[in-house]
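The following block contains a protein sequence and its predicted model.
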Amino acid sequence: MREDEEKRWFTRVSWSAPASLVLPGSTLEVDCLNISLNGALLRAASAPPEDTTGRLLLPLDTEGENRIEAECRILRPEGGTFAVEFTGYDLDSAAHLRNLLAYNTAEPERIDQELPNLRRSRRSDSD
């Protein structure tokens, strides 16, 4: 097992979907490649600089009524691929994200078990 996989506290699921990343002064159209409770892997024509903050808008239906909207921070930009760490989302987005993950993993019970780790990772970032 690779070192980064050992450190991973959150189940990632493949989720290929278009999304928008709202950045200071611009909006970037991106493709979501995978997602977890803590963040997502995205692809765009070019990646924003590391530590840039923004808001990810991920529609879950064609009407755009159901979507995940998360405050985020850019991590590991490399070419056109980069990660975003979620730094906050509203209750509806949290519920949509939890359901998306649970429905798309072989072990849906793990998603609920990971929720305490989400709080722990947020606390350790602010310590």
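The structure has been received and is ready for your questions.

wait, what's in contact with Ala45?
The contact partners of Ala45, by C-beta atoms under 8 Å, 6 or more residues apart in numbering, come to Gly80. To be clear about C-beta, it is placed using only N, CA and C from the backbone, and glycine gets the same treatment.

likewise Leu97?
Ile35, Leu37, Ile68, Ala70, Tyr89.

Now intersect those residues with the helices, please.
Judged by DSSP state H, the contacts of Leu97 include no members of helices.

May I ask which of those has the most neighbours?
Highest neighbour count within these: Ile35, with 28 neighbours (other C-beta atoms under 10 Å).

quick one: it from Thr87, how far?
15 Å (C-beta to C-beta, to the nearest Å).

ditto for Leu41
Here Leu41 is placed at a distance of 16 Å from Thr87 (C-beta to C-beta).

more neighbours, those two?
Higher neighbour count among Leu41 and Thr87: Leu41, with 19 against 16, using other C-beta under 10 Å.

where does that one land in three-state SS?
When classified by DSSP: H, G, I helix; E, B strand; the rest coil, Leu41 comes out as strand.

Can we start the residue count at 838 from this point?
Happy to do that; since the first residue is 838 now, the last one works out to Leu878.

Let me know the pLDDT of the nearest residue to it once chain neighbours are set aside.
With C-beta to C-beta, 6 or more residues apart in numbering as the criterion, Leu878 has its nearest non-adjacent residue at 4.5 Å, and that residue is Leu870. Leu870 carries a pLDDT value of 97.

and if you look at Glu944?
In this model, Glu944 carries a pLDDT of 89.

so Ala877 makes contact with Ile905?
No - applying C-beta atoms under 8 Å, one finds Ala877 not in contact with Ile905, separated by 9.0 Å.

immediately after the worst-scoring helix or strand of the chain on mean pLDDT, which helix or strand?
Lowest on mean pLDDT, DSSP states H and E among the helices and strands of the chain sits helix 840-844, with a mean of 43. Once helix 840-844 ends, the next helix or strand along the chain (criterion: DSSP states H and E) is strand 850-860.
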